[in-house]
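In: the following comprises the amino acid sequence and a computationally predicted model.
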Amino acid sequence: MPHTLTLTPVGVGFAYARPGEAQSCYLVAGGETAVCLDLGSGTLNRLQQQVAPERLAAVVISHRHSDHCVDLVSLRVYMMVGPGRGSRVRVIGPPGLREQLAAFAGADGWDESFTFEILDPSTAVDLGGGIVLTCARVPHSGPTHAIRLDRGAASVTYGADCAPNDVLPALAAGSGVLLAECSEGVGPAAAGSTHLTAADAGRIARRAGVGRLLLTHCAPEHDRDATLAAAREAFGGDVEWARQGEEVVVSPA
Ligand SMILES: [Zn+2]
């Protein structure tokens, strides 16, 4: 079917995930083209249940917090001596990502296995297969970008981690699916928090006019039913949890 995207959450966990949850990773596919958004701890193994990582059109990293990028360390080994040997993967992320990874895991292999590019909110990026990436800088800790993928009339927006802001509703305007964090659960958010409550996520979804809100990245201690209810009340539309391994077909909003 033309102009179709699918979204498969690979990991939906918080920075310390619940048992059974991996950290942040979402696979978006259109036709034969697959793009991975974030690659947190425990996700490379699960990702391989969906796609051969060396076949990804790109790995897009929202920000440098380890729960969003640390499995690039494992992917490097996979690319150097494992099944990915001889291939190269495009990694698009914040400035300083390669240097942070190399400082942690050593310098070898990064440039042989990956092509690093910097996310740039002023430029749309063609990822192949009709998928186009745009992004916007959102308030969090360090350079953090929300990411939108469009393929024809279908689009997915991933809010990354962020405090409430006016940028994400604009980026997500009209998306079929908004994937939004709700680290703060039912709230209230902790003083100085750089994360969303479920109600914050719902309000962003309403302002953006998205077709569906998928909640993710909820801190383990929050009541899940109350959190989901708070997002539904604030959005007034279709809200569900993003569930690991469950593919969602992205319909136009
Ligand atoms: Zn973060």
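Out: Cool, got the structure. These numbers come from a predicted model, not from an experiment.

In: run through the strands of the protein in chain order.
Out: 5-11, 25-30, 33-37, 58-60, 89-93, 114-118, 125-128, 131-137, 145-151, 154-158, 177-181, 212-216, 238-241, 248-250 (DSSP state E).

In: which parts of the stretch 151-253 of the chain sit against the ion?
Out: residue 161 (Cβ under 5 Å from the ion). (Glycine included, C-beta is placed from N, CA and C.)

In: residues in the stretch 1-150 of the chain within reach of the ion, list them.
Out: Residues of the stretch 1-150 of the chain lying near the ion (Cβ under 5 Å from the ion): residue 65.

In: show me what residue of the stretch 1-150 of the chain gets nearest to the ion.
Out: Going by Cβ to the ion, the ion is nearest to residue 65 of the stretch 1-150 of the chain, at 3.6 Å.

In: any idea what sits nearest the residue most central in space within the chain, other than its immediate chain neighbours?
Out: The chain has residue 37 as the residue nearest its centroid, 4.0 Å off, counting by Cα atoms, centre = their mean. With Cβ to Cβ, 6 or more residues apart in numbering as the criterion, residue 37 has its nearest non-adjacent residue at 4.4 Å, and that residue is residue 26.

In: and for residue 162?
Out: Spatial nearest neighbour of residue 162, excluding adjacent residues (Cβ to Cβ, 6+ apart): residue 138 at 3.8 Å.

In: related to what we said a few turns ago, just send the strands of the chain back as TSV, with mean pLDDT too.
Out: Shown next, in TSV, are those (pLDDT from 0 to 100):
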stretch	mean pLDDT
strand 5-11	98
strand 25-30	98
strand 33-37	98
strand 58-60	98
strand 89-93	98
strand 114-118	98
strand 125-128	98
strand 131-137	98
strand 145-151	98
strand 154-158	98
strand 177-181	98
strand 212-216	98
strand 238-241	98
strand 248-250	96
